[in-house]
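Trainee: how would this look folded up:
(2 chains)
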Amino acid sequence: NAGVTQTPKFQVLKTGQSMTLQCAQDMNHNSMYWYRQDPGMGLRLIYYSASEGTTDKGEVPNGYNVSRLNKREFSLRLESAAPSQTSVYFCASKLQGTIGNEKLFFGSGTQLSVL
Amino acid sequence: KQEVTQIPAALSVPEGENLVLNCSFTDSAIYNLQWFRQDPGKGLTSLLLIQSSQREQTSGRLNASLDKSSGRSTLYIAASQPGDSATYLCAVKYNFNKFYFGSGTKLNVKP
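Mentor: All right, here's what the predicted structure looks like:
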């Protein structure tokens, strides 16, 4: 099983450029998440989607937009990249509303540098 | 604001030692708590999940405990091995779909 697949793995942008990070899961999960991980700060939630057709802001949504394209895919877009968005980005997914089945499954991450 | 703290930030132990990693949280009204392992350059892998009604969970050499009243969880690793070297993170779930992560403890097990 592929699990959660993120593309690209690495990306370098110049300030002001735009890009979309792609995420797809093949586990028939309802909920999907985008996190960023910065040194010493743990993971911070950017946006999440509880189910197909819905999205909600997390702790640090400014400068980002998301699209839940279908049940499998959840993309993260940076419209005008800033150096403060240099980070490692993780996509995650889980089943929704099933007690005992709330394990989060993560992709391998995208390392983004904004110069 | 929900806060999750992990101390120490880094830990180095000789192979074979039993060790305890700590996770504390400010609000005791949690739904569940998960412990994750992260290897360098990789994503997170869920190790153990404890529901709010449970006191502990075990998987092999790992045992996680939960004390909601004191806002603490511990991850006990028995007979540590070099292959256990990684960063360990805890995450607390409060409301329906949000998880709050600690910044992790980087473990180094020396041969």
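Trainee: alpha carbons only for contacts and neighbour counts from here, please
Mentor: Fine.
Trainee: contacts for stretch B:25-32?
Mentor: With contact meaning CA atoms under 8 Å, 6 or more residues apart in numbering or on different chains, stretch B:25-32 is reached by B:2-5, B:49-52, B:68-72, B:92-95.
Trainee: Of the residues you listed, keep whichever come out buried.
Mentor: B:V4, B:T5, B:L49, B:I50, B:Q51, B:S52, B:K68, B:G71, B:R72, B:V92, B:K93, B:Y94 (16 or more other CA atoms under 10 Å in any protein chain shown).
Trainee: Just confirm A:G58 contacts A:S49, I think it does.
Mentor: No - at 10.0 Å, A:G58 does not count as touching A:S49 under the criterion of CA atoms under 8 Å.
Trainee: Return the residues of chain A in contact with chain B.
Mentor: Within reach of chain B by CA under 8 Å from any CA of the partner chain, chain A has these residues: A:31, A:40-45, A:50, A:58, A:90, A:100, A:102-109.
Trainee: so B:P111 touches B:S12, yeah?
Mentor: No - between B:P111 and B:S12 there is no contact under CA under 8 Å: 10.9 Å.
Trainee: got a list of what the closest residue to A:E79 other than its chain neighbours touches?
Mentor: Nearest non-adjacent residue to A:E79, counting by CA to CA, 6 or more residues apart in numbering or on different chains: A:S18, 4.6 Å away. A:S18 makes contact with A:R77, A:L78, A:E79, A:S80, A:A81 under the criterion CA under 8 Å, 6+ apart.
Trainee: now, among the residues you listed, which is nearest to chain B?
Mentor: Nearest to chain B out of the contacts of A:S18 is A:R77 (CA to the nearest CA; 20.0 Å).
Trainee: is it true that that closest one lies in a strand?
Mentor: Yes - secondary structure of A:R77 (DSSP: H, G, I helix; E, B strand; the rest coil): part of a strand.
Trainee: So which of the buried ones among the contacts of stretch B:25-32 reach chain A?
Mentor: B:L49, B:Q51.
Trainee: Torsion angles phi and psi at the residue in chain A that chain B sits nearest to?
Mentor: Closest approach between chain A and chain B, counting by CA to the nearest CA: A:G42, at 3.6 Å. For A:G42, the backbone dihedrals are phi 70, psi -160 (criterion: degrees, to the nearest 10).
Trainee: Thought B:G104 was touching it, still the case?
Mentor: Yes - applying CA under 8 Å as the test, A:G42 and B:G104 come out as touching, 6.6 Å apart.
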